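Participant: one predicted model, sequence on top.
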Amino acid sequence: MDMQRAKEILKSPEKVEVRYRGVPVWIEMIDESAEKARVHSEANPDDIKIVPVWDLDDR
């Protein structure tokens, strides 16, 4: 996923399905300078990861 798309999803009032390595996640924040996103698993909100934005998929 590119940075612009990640920012659109973060600001969207609609729920957009996003996956990180096949696992559904929720984007909490984006660090544009590092090109990273903080995400948590939809199944376990305590499972927080910092991942490269380009590793996220919304298809």
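Facilitator: Perfect, I can see it now. Residues are numbered from 1 along each chain as shown.

Participant: and the residue sitting furthest away from the middle of the chain, how far from residue 53?
Facilitator: Taking C-alpha atoms, centre = their mean, the residue of the chain most remote from its mean C-alpha position is residue 33, at 15.5 Å. Residue 33 sits 12 Å away from residue 53, going by C-beta to C-beta, to the nearest Å. C-beta coordinates here come from the backbone N, C-alpha and C atoms, glycine included.

Participant: and the strand ranked longest in the chain, which residues are buried?
Facilitator: The longest strand of the chain (DSSP state E) is strand 23-31. Buried residues in strand 23-31, counted by 16 or more other C-beta atoms under 10 Å: 25-27, 30.

Participant: likewise for stretch 52-59?
Facilitator: Result for stretch 52-59 [16+ other C-beta under 10 Å]: buried residues 53, 56.

Participant: averaged pLDDT, that stretch. What do you get?
Facilitator: For stretch 52-59, mean pLDDT rounds to 96.

Participant: if we can go back for a sec, could I get the longest strand of the chain in PDB with only the CA atoms?
Facilitator: What follows is strand 23-31 as a C-alpha-only set of coordinates in PDB (Å, rounded to 0.1, in the frame of the first residue of the first chain):
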ATOM      1  CA  VAL A  23      -4.000 -10.900   9.100                       C
ATOM      2  CA  PRO A  24      -6.800  -8.300   9.400                       C
ATOM      3  CA  VAL A  25      -5.500  -5.200  11.200                       C
ATOM      4  CA  TRP A  26      -6.600  -1.700  12.200                       C
ATOM      5  CA  ILE A  27      -4.300   1.200  11.400                       C
ATOM      6  CA  GLU A  28      -3.800   3.300  14.600                       C
ATOM      7  CA  MET A  29      -1.300   5.900  13.300                       C
ATOM      8  CA  ILE A  30       1.100   6.600  10.500                       C
ATOM      9  CA  ASP A  31       4.700   7.900  10.700                       C
END
